[in-house]
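*Asks:* The amino acid sequence is not available; the structure is as follows:
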């Protein structure tokens, strides 16, 4: 596979006339906290796009706040499927065209079931992957939901007490 770029995300943003932008983060943003600091936004505005597969090999994609941990059981119920496992790196690349950690919350496979956590829905604007580990994308949450035909659900593990 060639070196990851933001070209595909940029083309998708332009083709759909989205109020979104790709932001370069030359030092990289390996954690939610570093992304939050680099972008000057709240940690709850940083989202991750995680790819799972069910027992029938269907893709289930979770879009959640970066600080939250996805509860696979809740995600499976929201997706109307049974047991889920995290997709392998190879499957993530093969199915989305993006490397793990760089999966954009838009331009996802149409066959995928996309679930957006309710905490993400509460944020008007979020920042997520854009194809590489050196770039983030600012996008309106409503566009993520609309373009993916996403379902909104509580898919996070309860915080430890």
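*Replies:* Everything's here; your move. Note that this is a predicted model, so its numbers are computed, not measured.
*Asks:* low pLDDT regions in this protein?
*Replies:* Scanning the chain for pLDDT under 70 picks out the ranges 1-2, 160-161.
*Asks:* Show me where this structure has its strands.
*Replies:* Counting by DSSP state E, the chain has strands at residues 20-24, 47-54, 59-65, 84-86, 113-117, 125-129, 135-140, 151-153.
*Asks:* What is the burial count for residue 126?
*Replies:* 25 (other C-beta atoms under 10 Å). C-betas here are computed from N, CA, C, even on glycine.
*Asks:* wait, I meant residue 109
*Replies:* If you count neighbours by other C-beta under 10 Å, residue 109 ends up with 14.
*Asks:* residues in contact with it?
*Replies:* Going by C-beta atoms under 8 Å, 6 or more residues apart in numbering, residue 109 touches 59, 95-96.
*Asks:* Skip the chain neighbours and tell me the closest residue to residue 32.
*Replies:* residue 66 (3.5 Å; C-beta to C-beta, 6 or more residues apart in numbering).
*Asks:* The one you found - how many residues pack around it?
*Replies:* Residue 66 is flanked by 20 other residues according to other C-beta under 10 Å.
*Asks:* does it really touch residue 39, like I thought?
*Replies:* No: in this structure residue 66 lies outside contact range of residue 39 using C-beta atoms under 8 Å: 11.6 Å.
*Asks:* Distance to residue 34 for the strands of the chain - can I get that in TSV?
*Replies:* Formatted as TSV, these follow (distance: least, C-beta to C-beta, whole Å):
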stretch	distance to residue 34
strand 20-24	13
strand 47-54	14
strand 59-65	15
strand 84-86	23
strand 113-117	21
strand 125-129	12
strand 135-140	11
strand 151-153	28
